[in-house]
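Q: Mind folding the following:
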Amino acid sequence: GGGGDSEQIAAAQVAVGGGDDGGPQDLPGVGDVVWPGELDTAVRDSVLLPASEIERCSALAAHAAAVAAAERPTARAMLAALKMDDPIGVDTTKRGASRSKGSLMEFVYAVKRAHPTKVALVRVGEFYEAWGFDAVHLVEHCGLNPMGGVSPDTVPRAGCPISNLRRTLADLVDAGLSVAVCEEMPTPFTYGARAARKERFVAGVVSPASPIYCYGLAGEDADPDYASVPPVIAIACSSRGYSVCEVHVDLRRCTVTEGLTEEAAVARLVAGGFSPPLR
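A: All right, here's what the predicted structure looks like:
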């Protein structure tokens with residue numbers, strides 16, 4: 001293929017496990033789900049998957065494992081309604097889960113394709129909502145209630161009012177999750193005209209390394225303390241001692257301290273803290 005095709009191929013190679021008779025299984029087709037834990041290294045060179053597909057499979061397995069470990073009874077009750085091989089955990093054949101062109105669900109799937117490892121929190125009117133695996137995360141870590149019940153026939157959905165957004169984001173980040181927050185595009189109102197379809201966009205991503213959601217802060221009374229966010233740390237060792245690089249993501253500031261002893265470098269980490277590794 002051309003250069004464009006080669007750029008989409010992952011450097012790592014993965015393979016499909018063998019069947020009961022010892023022979024290889026059929027290779028996966030487009031749209032098939034390949035679980036990382038089921039890949040057989042004995043036939044590692046059998047098939048190449050695009051890098052984006054490998055990331056999607058890993059994210060899907062991680063989300064499924066995370067929700068399976070839920071402890072709150074309400075969150076566990078939602079598991080029966082999940083579709084475990086779907087990118088967001090939703091059975092699109094259910095009522096209210098249509099992926100028709102221009103629909104809300106189509107937008108959610110597009111966001112999850114771009115941010116497969118993150119929780120997608122989407123503004124819908126006066127609420128921020130999540131679906132599937134992400135809805136279980138909201139119920140488990142934020143203490144929210146499911147929207148629409150928890151029966152297996154429903155679409156797993158949860159949300160919070162606008163006024164509770166920052167508290168919800170803080171709870172998700174404290175649980176080690178990253179969140180892609182999506183806002184509605186402002187639309188002019190014309191009296192007598194039919195309401196236009198809402199347009200939405202990803203307004204920001206919050207994570208343990210960058211937990212402050214900046215969108216909309218100008219119109220609020222909130223005064224976020226950017227300096228209190230632990231920096232991302234990098235350490236290097238040379239004949240001149242240890243060098244510590246501190247990156248404050250939200251402040252757009254980088255500080256490098258050189259010539260430290262091992263004890264001084266450890267003391268810096270203990271005293272100042274640091275953000276978890278970037279993912």
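
Q: contacts, neighbours, all on C-alpha from now
A: Noted.

Q: Nearest residue to the middle of the protein?
A: K118 (0.4 Å; C-alpha atoms, centre = their mean).

Q: quick one: contacts for that one?
A: Listed by C-alpha atoms under 8 Å, 6 or more residues apart in numbering, the contact set of K118 reads K112, L177, S178, V179, A180.

Q: Kindly list the main-chain dihedrals of the closest residue to the fourth one other than its chain neighbours?
A: Meaning V179. With C-alpha to C-alpha, 6 or more residues apart in numbering as the criterion, V179 has its nearest non-adjacent residue at 4.6 Å, and that residue is V119. Torsion angles at V119 (phi, psi; degrees, to the nearest 10) stand at phi -80, psi 130.

Q: what's the neighbour count on V119?
A: Other residues lying near V119 total 26 when counted by other C-alpha atoms under 10 Å.

Q: is it true that it touches G176?
A: No - in this structure V119 lies outside contact range of G176 using C-alpha atoms under 8 Å: 11.0 Å.

Q: Which neighbours do those two have in common?
A: Common neighbours of V119 and G176 (C-alpha under 8 Å, 6+ apart) do not exist.

Q: Check which helices and strands the host helix or strand of A66 is in contact with.
A: Here A66 sits within helix 51-68, counting by DSSP states H and E. The contact analysis (3 or more C-alpha pairs under 8 Å, 6 or more residues apart in numbering; DSSP states H and E) places helix 51-68 against helix 133-142.

Q: Can you classify T168 as helix, strand or coil?
A: Look at T168: counting by DSSP: H, G, I helix; E, B strand; the rest coil, its state is helix.

Q: Run a quick neighbour tally on it.
A: 21.

Q: What sits closest to it if chain neighbours are left out?
A: Spatially, and ignoring its direct neighbours in sequence, T168 is nearest to C142 (6.0 Å; C-alpha to C-alpha, 6+ apart).

Q: Confirm for me that the one you found is in contact with N164.
A: No - using C-alpha under 8 Å, C142 makes no contact with N164, being 10.4 Å away.

Q: higher neighbour count, the two?
A: C142 (19 against 12).

Q: what sits against that one?
A: By C-alpha under 8 Å, 6+ apart, the residues touching C142 are T168, D171, L172.

Q: ok, so what distance separates it from S228?
A: 22 Å (C-alpha to C-alpha, to the nearest Å).

Q: and if you look at P186?
A: 32 Å.

Q: hey, what's the closest residue to P231 other than its chain neighbours bridged with?
A: Among residues not flanking P231 along the chain, H248 sits closest, at 4.7 Å (C-alpha to C-alpha, 6+ apart). Beta-bridge pairing for H248 (DSSP bridges): R253.

Q: Could you tell me how many residues sit around H248?
A: 22.

Q: just C214 next, same as before
A: When neighbours are defined as other C-alpha under 10 Å, C214 has 13 of them.

Q: I'd assumed V206 was in contact with it.
A: No - using C-alpha under 8 Å, C214 is not in contact with V206; the gap is 9.1 Å.

Q: Please enumerate the strands of the stretch 151-279 of the chain.
A: For the stretch 151-279 of the chain, strands defined by DSSP state E, counting those that start in this stretch occupy the ranges 157-161, 179-184, 200-206, 232-238, 241-248, 253-260.

Q: For the second one, which helices and strands make contact with it?
A: When you say that, I think you mean strand 179-184. strand 119-124, helix 165-174, strand 200-206.
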